[in-house]
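J.: Have a look; sequence and predicted model below, questions after that.
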Amino acid sequence: MAIATNSLVTLVSFKAYLGVTTTTDDALMESLIDRASDFIQRYCARYFVSQRYIEWHDTYGASRVALKNNPVENIRFIGVGGDNVISVASTIASDIACTISVNDVHVHLFRAASNGQETSTTLTFASHDSTSEMASQINSTTGFSATALLNVKSAYMRKLAGRDLKNQTVLLEAPTEGLTDYSIDYNRGIIYGPTLKRYQGFLADYTGGYGTIPYDLQQATIEIAARLFHSRKRDPSLASESLGGYSYSMRSVSEVDASTKLILESYRRLR
């Protein structure tokens, strides 16, 4: 297996730390690096590897908003407001159910025919990246009709959960007005603007994270992965061991966790 895109350290670095030169346990080590990286990113409530993000934020009553994944490398678009970009309707009156959903990566179409047979269709933004393309694809899906009203990026559409099409035409929305009177703290990923409070939400299309993962964060990942690697061969409840006239005590898991958390706390997203 290969190390996941979001993992925080390379196999080469991990093996160098362990002093391992063979390839026997490479697959296991890659899995442990992924697990350690996933734990850290869930604990810190953010991702660290530089990549593109498209996020919705509630801004009502606030003049500053923190993006989820800092530092910020660049901002492509800050969109506010909302315009109807696609209208969608059901075309088969005998269907028991017909719904549409929009999430972070795709449009999901669901219908249940009169005999109860269910059909689900997933249309990704990656494959249909404009609303004109998306509307055309929806329109070619059995049981659905769609019309493009405005052509914007599909990924900018507002999220929608299981909206009923049997009794109504659903209008999919996206922000088309770009916010201009704002400033940004790139390192902390905070957007400031006096007019942010006028809107209940905005969309941010940006690149965030580190091009090179900080060394202390790499070290925390390595230590967690190493602890998992070594714990395969010992009883985790064992605190000390004696062999002849030699004895030693093992560092407790809670103590190791405490030292690792000192590194992670400075990266933790608390807001």
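T.: Received the coordinates, thanks.
J.: can you map out the helices along this structure?
T.: Assigned by DSSP state H, the helices in the chain fall at 11-18, 26-44, 131-139, 215-230, 253-264.
J.: Look up phi and psi at residue 21.
T.: Phi and psi for residue 21, reported as degrees, to the nearest 10, are phi -120, psi -10.
J.: any idea how far residue 159 is from the closest residue to it other than its chain neighbours?
T.: Nearest in space to residue 21, with sequence neighbours left out and distances taken as Cβ to Cβ, 6 or more residues apart in numbering, is residue 15 at 7.3 Å. Heads up, the C-betas are built off the backbone N, CA and C, glycines and all. Per Cβ to Cβ, to the nearest Å, residue 15 is found 42 Å from residue 159.
J.: more crowded one of those two?
T.: Remark: of residue 15 and residue 159, residue 15 carries more neighbours, 16 against 9, as counted by other Cβ atoms under 10 Å.
J.: Hmm, the more buried one is touching residue 28, no?
T.: No. In this structure, residue 15 is not within contact of residue 28 by Cβ atoms under 8 Å, at 11.4 Å.
J.: Residue 147: neighbouring residues, count only.
T.: 13.
J.: Need the pLDDT of it.
T.: Note for residue 147: predicted pLDDT of 97.
J.: picking up where we left off before, can I get the helices of the chain in a markdown table with distance to residue 201 and mean pLDDT?
T.: Below are the helices of the chain laid out as a markdown table (distance: least, Cβ to Cβ, whole Å; pLDDT from 0 to 100):
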| stretch | distance to residue 201 | mean pLDDT |
| --- | --- | --- |
| helix 11-18 | 40 | 94 |
| helix 26-44 | 24 | 93 |
| helix 131-139 | 19 | 97 |
| helix 215-230 | 31 | 92 |
| helix 253-264 | 30 | 71 |
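J.: Let me know which of those is the nearest to residue 184.
T.: Of all those, it is helix 26-44 that lies closest to residue 184, at 20.9 Å by Cβ to Cβ.
J.: other SSEs contacting the closest one?
T.: Judged by 3 or more Cβ pairs under 8 Å, 6 or more residues apart in numbering; DSSP states H and E, helix 26-44 is in contact with helix 11-18, helix 215-230, helix 253-264.
J.: which helices and strands does the longest one pack with?
T.: With contacts defined as 3+ Cβ pairs under 8 Å, 6+ apart, the secondary structure elements packing on helix 215-230 are helix 11-18, helix 26-44, helix 253-264.
J.: could I get that helix in PDB with only the CA atoms?
T.: Extracted in PDB, the C-alpha atoms of helix 215-230 (Å, rounded to 0.1, in the frame of the first residue of the first chain):
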ATOM      1  CA  TYR A 215       9.600  19.100  12.000                       C
ATOM      2  CA  ASP A 216       7.900  18.900  15.400                       C
ATOM      3  CA  LEU A 217       4.700  17.700  13.800                       C
ATOM      4  CA  GLN A 218       6.600  15.100  11.900                       C
ATOM      5  CA  GLN A 219       8.300  14.000  15.200                       C
ATOM      6  CA  ALA A 220       4.900  13.600  16.900                       C
ATOM      7  CA  THR A 221       3.700  11.500  14.100                       C
ATOM      8  CA  ILE A 222       6.800   9.300  14.100                       C
ATOM      9  CA  GLU A 223       6.500   8.800  17.900                       C
ATOM     10  CA  ILE A 224       2.900   7.700  17.700                       C
ATOM     11  CA  ALA A 225       3.500   5.400  14.800                       C
ATOM     12  CA  ALA A 226       6.600   4.000  16.600                       C
ATOM     13  CA  ARG A 227       4.700   3.300  19.700                       C
ATOM     14  CA  LEU A 228       2.100   1.400  17.700                       C
ATOM     15  CA  PHE A 229       4.900  -0.500  15.900                       C
ATOM     16  CA  HIS A 230       6.700  -1.600  19.100                       C
END
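J.: ok, residue 77 - how many residues close by?
T.: Look at residue 77: counted by other Cβ under 10 Å, it has 16 neighbours.
J.: Outline the domain layout of this structure.
T.: Segmentation of the chain into domains, based on automatic domain parsing, reads 11-47+211-267, 51-80+178-208, 83-174.
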